[in-house]
Each structure stands twice: as structure tokens, then as C-alpha cells.
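Student: quick one, fold the following:
(3 chains)
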Amino acid sequence: MDEELHEMIRAVVRKIPRGRVATYGDVADIARAPSPRLVGAVLNQDGHDLPWHRVLRANGTCAPHIADQQLQLLREEGVVADGGKVDLRTYRWEDAVKEKAEEPPALW
DNA sequence: CACTTGACCGTAG
DNA sequence: TCTACGGCCAAGT
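Tutor: Prediction:
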């Protein structure tokens, strides 16, 4: 696994503001990762220090095995989940979407 | 080297 | 809205 990319992904996740969320796909794009799967893989290994709970699937749901804790942590930040799903239109990290649309060569 | 696995995603039906 | 499928890519067996 590419160490630099690995580091990049963690940096992006750390950057997600409180009370907001991002999808694995968003993080992948911003971190220039080849696939969203990689983001999940990285969080699975080194995600324990990060606000990993702010990362969810493209449809607003969380991975089954961690759903309970994730939803609770989010609730503590004011992110409400209806029927196990979060409304991305409301809580999605908009700045990330904007950056992604513009193609900033910025290297974070 | 071939095959399976997984914190995924977009498109059809 | 929800499920099924195919595609995806690195890591592990």
C-alpha cells in the first residue's frame, strides 16, 4: 500500500468539520485515491485516531458492523440519522464537493 | 500466479 | 425507494 496516499487519506478525514459528513467516494476524490474501497481499507487499519464516524457511504448509510456506534457518535455532533440513514443533502461536507468540482491542484 | 475479500459506487429494473 | 449486478482496486491466501 502506498504510504503517501495512505497519509493523504487520513489527512482528508481529519479535515472533515464537526457536524458534517463526507462519503468514501468524496474522500477518495479529494485524496486522489484510485478507488473509494481504499478509503475503507485505510480506515479499517489506521482509522482509530480519526473522526472516522464522519465518513459514510454514498447513500447516507454506514457499514453494517459499525452502524450502531457510528450513528451514536454522529448524533453527539448534531447529525441526525433517520431510519439508519443520514440526509446527505443536509449534512454533506459542501466544501469538499466544491473543491472536487473545480479541480484544485492543491496538495494537502 | 489465480482466486477471494471488503468500512464502496453507479446504473437498471 | 429498494435490490441486484457489474465494476472497482489493493491485500491476503
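Student: for residue A:93, give me its contacts.
Tutor: The contact partners of residue A:93, taken as Cβ atoms under 8 Å, 6 or more residues apart in numbering, are A:16-17, A:20-22, A:26, A:54. No exception for glycine: its C-beta is placed from N, CA and C like everyone else's.
Student: could the residues you listed go into a markdown table alongside distance to DNA strand C, secondary structure and neighbour count?
Tutor: Shown next, in a markdown table, are the contacts of residue A:93 (distance: Cβ to the nearest atom of the strand, whole Å; DSSP: H, G, I helix; E, B strand; the rest coil; neighbours: other Cβ atoms under 10 Å):
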| residue | distance to DNA strand C | secondary structure | neighbour count |
| --- | --- | --- | --- |
| A:16 | 22 | coil | 21 |
| A:17 | 25 | coil | 14 |
| A:20 | 20 | coil | 18 |
| A:21 | 17 | strand | 26 |
| A:22 | 18 | strand | 27 |
| A:26 | 15 | helix | 24 |
| A:54 | 21 | helix | 25 |
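Student: can you give me the strands in chain A?
Tutor: With DSSP state E as the criterion, chain A has strands at A:22-23, A:55-56, A:81-82, A:85-86.
Student: gap between the residue positioned nearest the centre of chain A and DNA strand B?
Tutor: Central residue of chain A (Cα atoms, centre = their mean): residue A:55, 2.8 Å from the mean position. Distance, residue A:55 to DNA strand B, using Cβ to the nearest atom of the strand, to the nearest Å: 6 Å.
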